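Peer 1: Need a 3D model of the sequence below.
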Amino acid sequence: MEFLLFFCILLVIVLISALIPTIFHKLGHLIFGLIENYEFCAFGIGNYAFVKEKRKIKIKKYRNGNAGGYCIMIPPKPKNGTIPYFWFFFRRCDI
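Peer 2: Below is the predicted model of the structure:
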């Protein structure tokens with residue numbers, strides 16, 4: 001019985017330790033994408049997502065296979081022939 005309890009606690013710790021960094025990593029893409037004027041479309045972790053539909057943000061549940069997390073954004077219109085992407089892709093620290 002003690003082994004089963006230990007195993008369950010260990011499993012919860014492993015799942016949480018994988019989930020928290022994923023959330024912060026994807027939030028980094030979201031925050032720095034918004035700084036670069038990208039338009040928010042969806043932000044999801046596991047089977048749950050915040051999705052922008054008709055200027056409103058809704059929480060939805062999806063069956064997305066093995067996607068741990070995702071941040072979907074639309075880039076801004078090009079300025080001088082280029083799209084700003086530095087902070088969206090190449091930031092060096094997560095918040």
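Peer 1: what's the burial count for G33?
Peer 2: Counted with other CB atoms under 10 Å, residues neighbouring G33 total 24. Where you see a C-beta, it was placed from the backbone N, CA and C, and this is true even at glycine.
Peer 1: Give me the local confidence score for the residue most central in space within the chain.
Peer 2: The centroid of the chain falls nearest to K26 when counting by CA atoms, centre = their mean (3.2 Å). K26 is assigned a predicted lDDT (pLDDT) of 89.
Peer 1: Same question for I45.
Peer 2: On pLDDT, I45 comes in at 87.
Peer 1: Kindly report the same for Y62.
Peer 2: The model's pLDDT for Y62 equals 82.
Peer 1: Next one: the residue nearest to the centre of the chain from A42, what distance?
Peer 2: From K26 across to A42, the span is 11 Å (CB to CB, to the nearest Å).
Peer 1: give me the number of residues near T82?
Peer 2: Using other CB under 10 Å: T82 sits among 7 other residues.
Peer 1: Bridge partners for it, pull those for me.
Peer 2: Counting by DSSP bridges, T82 is bridged to K79.
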